[in-house]
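>>> the amino acid sequence is not available; the structure is as follows:
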Ligand code: SF4
């Protein structure tokens with residue numbers, strides 16, 4: 001920067017700019033199946049206002065979303081539905097597992113409940129608690145944004161691996 005405050009030049013990696021835009025324009029898809037869904041709704045409402053973190057445009061279509069928030073119990077019968085929704089979402093995409101039930105089956109240690117949604121979809125951030133408070137979800141969102149900025153999420157790693165494989169095939 002020059003002495004008069006004029007910016008002479010500015011350099012950054014193109015990927016960093018893209019990730020900056022991605023992390024500040026998340027389109028969440030709420031997958032609320034039980035009580036945790038109520039806490040998710042509360043986080044989106046005006047009291048906690050998730051819009052402050054660039055994630056206010058909630059979509060109920062997977063084709064218009066890039067952040068899947070799973071809040072609640074996922075039964076085995078529901079697992080293929082969750083996977084289909086994930087597969088239909090735009091790439092790159094991210095997943096937050098909200099609450100004990102989504103993350104580990106919670107108190108439902110039975111054959112009919114998935115013992116963690118990471119057996120169905122790749123999870124980037126877990127929110128502990130039963131139910132987690134809205135503050136917990138906001139903290140998870142900030143952690144996710146941090147990981148997106150650093151390119152550390154599952155989706156971004158897959159994207160890089162795909163590029164490397166394609167580049168290797170062209171040699
Ligand atoms: S973690 Fe607790 S609050 Fe959330 S869905 Fe399970 S039982 Fe309900």
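It's in. Just so you know, these numbers come straight off a predicted model, no measurement behind them. Numbering: from 1, shown residues only.
>>> so residue 106 touches residue 114, yeah?
No - Residue 106 is not in contact with residue 114 according to CB atoms under 8 Å; the separation is 10.6 Å. From N, CA and C alone the C-beta is placed, and that goes for glycine too.
>>> what does this protein have sitting close to the ligand?
34-36, 72-73, 99-101, 106, 130-131 (CB under 6 Å from any ligand atom).
>>> isn't there a helix covering residue 69?
No - under DSSP: H, G, I helix; E, B strand; the rest coil, residue 69 falls outside any helix and is assigned strand.
>>> tell me the phi and psi of residue 123?
phi -100, psi 130 (degrees, to the nearest 10).
>>> contacts only, for it.
95-97, 103, 117, 154 (CB atoms under 8 Å, 6 or more residues apart in numbering).
>>> for the ligand, see how far away it is.
Distance, residue 123 to the ligand, by CB to the nearest ligand atom, to the nearest Å: 15 Å.
>>> pLDDT score assigned to that residue?
Looking at residue 123, its pLDDT is 97.
>>> how about residue 15?
85.
>>> and it, helix, strand or coil?
Applying three-state DSSP: residue 15 is helix.
>>> same question for residue 126.
Residue 126 - assigned by three-state DSSP - is strand.
>>> list of residues touching the lowest-mean-pLDDT helix or strand in the chain?
Lowest on mean pLDDT, DSSP states H and E among the helices and strands of the chain sits helix 154-170, with a mean of 86. By CB under 8 Å, 6+ apart, the residues outside helix 154-170 that reach it are 19, 91-95, 122-124, 148, 151.
>>> 10 Å instead, please
15, 19, 22, 66, 89, 91-95, 121-124, 147-148, 150-151, 153 (CB atoms under 10 Å, 6 or more residues apart in numbering).
>>> from those residues, which ones fall inside strands?
When DSSP state E defines the strands, the subset of the contacts of helix 154-170 inside them is 94-95.
>>> touching, residue 39 and residue 134? I think so.
Yes - between residue 39 and residue 134 there is a contact under CB atoms under 10 Å: 5.9 Å.
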